[in-house]
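Asks: need a structure here:
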Amino acid sequence: MEYITENKEQLLLLLGAIISVASAICALTPTPKAGTVKGKIYKLIEWAALNVGKAKETGDAISDETP
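Replies: All right, here's what the predicted structure looks like:
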């Protein structure tokens with residue numbers, strides 16, 4: 001616990017860098033099919049990028065029709 005309190009600025013910078021890199025990876029790569037090894041790794045990266053809920057890509061094709 002002492003390490004965290006002494007190095008909180010560096011840890012916050014590291015956390016921000018991890019989120020930024022994971023977000024960039026998610027934005028630049030297509031969503032792989034679920035159930036594959038790539039899909040499982042991508043899911044972990046999405047979690048690190050804080051892509052949850054409606055911010056998350058499904059990988060499904062988007063139709064031109066509006067409901």
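Asks: hey, let's count contacts and neighbours off CA atoms from now on
Replies: OK.
Asks: Just the helices from this protein, written as ranges.
Replies: 2-6, 8-28, 37-48 (DSSP state H).
Asks: deepest of these, which one?
Replies: helix 37-48 (a mean of 16; mean count of other Cα atoms under 10 Å).
Asks: hang on, the earlier thing: including mean pLDDT, could the helices of the chain go into a markdown table?
Replies: As requested, those are exported to a markdown table (pLDDT from 0 to 100):
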| stretch | mean pLDDT |
| --- | --- |
| helix 2-6 | 91 |
| helix 8-28 | 94 |
| helix 37-48 | 92 |
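Asks: Quickly note the distance from residue 38 to residue 15.
Replies: Separation of residue 38 from residue 15 (Cα to Cα, to the nearest Å): 23 Å.
Asks: Oh, that last question was meant for residue 26, not what I typed.
Replies: Residue 26 sits 17 Å away from residue 15, going by Cα to Cα.
Asks: Check residue 52 too.
Replies: The gap separating residue 52 from residue 15 is 17 Å, by Cα to Cα.
Asks: cool, and residue 34?
Replies: Shown here: residue 34 relative to residue 15, a distance of 27 Å by Cα to Cα.
Asks: for residue 45, same thing?
Replies: Distance of residue 45 to residue 15, computed by Cα to Cα: 13 Å.
Asks: Likewise for residue 5?
Replies: Distance from residue 5 to residue 15, by Cα to Cα: 15 Å.
Asks: do residue 46 as well
Replies: Computed as Cα to Cα, the residue 46 to residue 15 distance reads 14 Å.
Asks: repeat for residue 37
Replies: Note on residue 37: its distance to residue 15, by Cα to Cα, is 25 Å.
Asks: ok, now which ones touch residue 5?
Replies: Residue 5 makes contact with no residue under the criterion Cα atoms under 8 Å, 6 or more residues apart in numbering.
Asks: Could you pull up phi and psi at residue 51?
Replies: Main-chain dihedrals, residue 51, degrees, to the nearest 10: phi -90, psi 100.
Asks: Next, count neighbours for it.
Replies: A count of nearby residues for residue 51, using other Cα atoms under 10 Å, gives 17.
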